[in-house]
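**Q** Need a 3D model of the sequence below.
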Amino acid sequence: MKRFVPDTVAGWIIVVLVSGLAVTQVATLAINAGERSQTSSVLAHFHLAERMADLVRLVLVTPPAQRSAMLVSVRGGTLRVSWDDAPAPTGTDIDDLDANLFSQVLQAALWDVPWRTLRVSFAPAPSAGSAIPGGRPSDRSTSLGRRLDSILTEHAHVPLLRVALQLDDGSWLNFEAPFVEEPQALSGSSLALLALAALAIIGASIWAVRRLTDPLVTLARAAERLGDDVNAPPLQERGARELRQAARAFNAMQSRLQRQVHDRLQMTAAISHDLRTPITRLRLRAELVEDDEQRQKMLADLAHMEALIGSTLAFASEDSRREATVDVDLVSLVEDLCDDRPRVSFEFTGDAGPRVSYPCRPTAVRRCVGNLIDNALKYGHTARVTIESTAAAVCIRIDDDGPGIPDADQERVFEPYERLEPSRNEETGGAGLGLSIARMIARAHGGDIRLRNMAAGGLEAIIELPR
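**A** From the prediction side, this is the model:
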């Protein structure tokens with residue numbers, strides 16, 4: 001069932017709106033059908049009872065000798081009436097409720113007519129092929145005639161209403177007519193109108209929901225962009241009041257982050273500048289030391305301090321984030337890095353041709369891949385670089401033959417100034433920032449770096465860059 005459950009705010013709102021619309025429509029149709037059924041039944045009884053009452057009045061004002069001929073002349077298309085000395089069989093009741101209801105309506109219609117006895121019943125519908133009493137309406141040119149003919153066609157086997165009314169003189173008027181009620185089912189035009197209204201409401205709801213939730217999507221994309229570029233332009237404040245408040249809070253947070261990064265850059269640059277001056281003076285003084293061994297040690301320490309300051313400045317300043325993004329060929333970029341270093345082999349496997357065009361910050365990516373290759377050469381003496389390109393991502397793998405890194409320490413080595421012993425000791429040099437800078441660059445491009453010990457020995461570093 002999870003496949004059919006929406007996982008977005010817009011999806012849930014649309015489901016709620018459509019469900020509410022469907023329930024409302026069904027309830028409205030049910031109420032309308034019930035009310036329409038009752039009204040239709042009452043009107044059908046009332047109209048037929050009025051016709052019978054009018055005929056009774058006409059019979060009473062007609063001389064007895066002319067009554068039979070008169071009834072033949074006024075007989076309707078669906079109503080048969082006769083004046084007899086005895087009541088006609090009323091048949092077997094099949095709907096006591098409707099018979100009682102019609103009897104009450106007919107008595108009300110005969111309020112000014114004297115009569116003795118009234119018998120009302122519904123007989124079963126005629127068998128197939130039998131003619132309906134009175135036949136079909138003779139005039140089908142009018143809308144009423146066509147409507148009645150349509151109703152009789154749809155209800156070919158309707159029950160027969162039989163009424164026997166005894167007058168004051170003891171004679172009987174016998175009525176017989178097919179009792180056809182207005183069809184309760186909705187017409188095709190009504191259903192089409194309901195469907196059109198539902199589609200219009202659903203379309204308007206989808207448009208409104210998308211307009212409401214679009215700022216949320218924009219906010220999510222802005223948050224992702226902020227992770228790649230803290231100097232990204234501020235988010236446009238639009239949408240509902242709550243969404244504008246969220247965008248305003250996001251912009252305020254981004255502004256505070258930009259100020260913090262700027263302050264950190266200034267502080268780091270100031271410290272770096274202040275430290276370089278005394279280091280330069282110490283280097284000059286070290287040149288004056290007569291003991292060669294002590295002089296070399298002092299110069300080596302000063303060189304290490306300068307490298308540490310340079311690495312710290314590169315890590316803190318995040319120059320890669322200020323570099324413009326351009327489309328580069330990753331295969332050529334990595335191939336050049338491998339050609340510049342001995343004991344490095346390169347291989348490319350891709351499903352989109354011999355080249356991989358990728359939008360990135362080329363200097364930053366060169367630093368990221370170069371740091372991992374240098375790390376592999378430093379501890380594994382050789383490096384094997386492989387690029388795998390798919391429609392979803394580009395993976396750059398760097399394998400070495402070194403001792404590897406324990407699984408428990410593979411995340412710790414990415415922390416600044418973190419160096420493992422004994423494989424990562426002072427003799428290898430470095431400030432412990434190479435992997436930190438490499439991961440920072442990979443994540444700035446929306447990717448990441450993973451480390452994995454290979455079964456045959458050695459360490460594999462995997463740079464994952466999403467398309």
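
**Q** how about the helices in the stretch 251-400 of the chain?
**A** Taking DSSP state H, counting those that start in this stretch as the criterion, the stretch 251-400 of the chain carries its helices at 292-317, 319-322, 330-339, 362-380.

**Q** List the contacts of the closest residue to residue 370 other than its chain neighbours.
**A** Using C-beta to C-beta, 6 or more residues apart in numbering and skipping residues adjacent in sequence, the residue nearest residue 370 is residue 337, 5.5 Å away. C-betas here are computed from N, CA, C, even on glycine. Listed by C-beta atoms under 8 Å, 6 or more residues apart in numbering, the contact partners of residue 337 are 344, 366, 369, 370, 373, 385.

**Q** hey, which of the helices of the stretch 251-400 of the chain is tucked in deepest?
**A** For these, average neighbour numbers computed from mean count of other C-beta atoms under 10 Å are highest in helix 362-380, which has a mean of 21.

**Q** can you name the farthest residue from the center of this structure?
**A** Ranked by distance from the centre of the chain (C-alpha atoms, centre = their mean), the top residue is residue 65, with 81.3 Å.

**Q** Next one: residue 201 relative to residue 380, how far apart?
**A** Residue 201 sits 67 Å away from residue 380, taking C-beta to C-beta, to the nearest Å as the criterion.

**Q** Pull out the buried residues from the strand or helix carrying residue 118.
**A** Using DSSP states H and E, the element containing residue 118 is strand 115-123. Of the residues in strand 115-123, 119, 120, 121, 122, 123 count as buried by neighbour count, 16 or more other C-beta atoms under 10 Å.

**Q** From the residues you listed, pick the one nearest residue 53.
**A** Proximity of the buried residues of strand 115-123 to residue 53 was ranked by C-beta to C-beta; the top entry is residue 120 with 13.3 Å.

**Q** quick one: contacts for that closest one?
**A** Going by C-beta under 8 Å, 6+ apart, residue 120 touches 90, 99, 100, 102, 103, 106, 161, 162, 163.

**Q** ok but the fifth one is inside a helix, no?
**A** Yes. With DSSP: H, G, I helix; E, B strand; the rest coil as the criterion, residue 103 is located in a helix.

**Q** and it, how far is that from residue 120?
**A** Using C-beta to C-beta, residue 103 is found at 4 Å from residue 120.

**Q** The second one too?
**A** Counting by C-beta to C-beta, the gap between residue 99 and residue 120 amounts to 5 Å.

**Q** thinking again about what came up before, ok, now how distant is the residue nearest to residue 370 from residue 369?
**A** Look at residue 337 and residue 369: by C-beta to C-beta, they are 6 Å apart.

**Q** same question, residue 118
**A** The span separating residue 118 from residue 369 equals 105 Å under the rule C-beta to C-beta.

**Q** before we move on, the earlier item: who does the strand holding residue 118 pair with, and is each partner parallel or antiparallel?
**A** For strand 115-123, the paired strands and their directions (DSSP bridges) read strand 160-167 (antiparallel).

**Q** now what about the strand it pairs with, what contacts it?
**A** When contacts are defined by C-beta under 8 Å, 6+ apart, strand 160-167 is touched by residues 48, 52, 56, 59-60, 87-91, 102, 106, 110, 114-126, 133, 172-179.

**Q** going on from it, what's the next piece of helix or strand?
**A** strand 172-178.

**Q** Tell me what angle that following strand forms with strand 115-123.
**A** Between the axes of strand 172-178 and strand 115-123, defined by axes from the mean of the first three to the mean of the last three C-alpha atoms, to 10 degrees, the angle is 30 degrees.

**Q** Check the spacing between the residue nearest to residue 370 and residue 325 real quick.
**A** According to C-beta to C-beta, residue 337 stands 19 Å off from residue 325.

**Q** Equivalent analysis for residue 372, please.
**A** Residue 372 sits at a distance of 21 Å from residue 325 (criterion: C-beta to C-beta).

**Q** got it, and residue 102?
**A** Distance of residue 102 to residue 325, given as C-beta to C-beta: 86 Å.

**Q** Counting neighbours, go ahead and name the busier of the two.
**A** Taking residue 102 and residue 325 together and counting by other C-beta atoms under 10 Å, residue 102 has the greater number of neighbours (24 against 13).

**Q** Which pLDDT does the model give the more buried one?
**A** Per-residue confidence for residue 102 comes out at a pLDDT of 81.

**Q** ditto for residue 393
**A** Confidence for residue 393, expressed as pLDDT, is 86.

**Q** Spatially nearest residue to it (excluding sequence neighbours)?
**A** That would be residue 466: by C-beta to C-beta, 6+ apart, it lies 4.8 Å from residue 393.

**Q** List the contacts of that neighbour.
**A** Residues counted as contacts of residue 466 (C-beta under 8 Å, 6+ apart) are 392, 393, 446, 447.

**Q** make it 10 Å
**A** With contacts taken as C-beta atoms under 10 Å, 6 or more residues apart in numbering, residue 466 has the following neighbours: 392, 393, 394, 445, 446, 447, 448.

**Q** would JSON lines of the residues you listed with neighbour count and distance to residue 435 be doable?
**A** JSON lines is the format used below for those (neighbours: other C-beta atoms under 10 Å; distance: C-beta to C-beta, whole Å):
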{"residue": "392", "neighbour count": "9", "distance to residue 435": "25"}
{"residue": "393", "neighbour count": "14", "distance to residue 435": "20"}
{"residue": "394", "neighbour count": "21", "distance to residue 435": "20"}
{"residue": "445", "neighbour count": "21", "distance to residue 435": "16"}
{"residue": "446", "neighbour count": "16", "distance to residue 435": "19"}
{"residue": "447", "neighbour count": "20", "distance to residue 435": "15"}
{"residue": "448", "neighbour count": "13", "distance to residue 435": "12"}
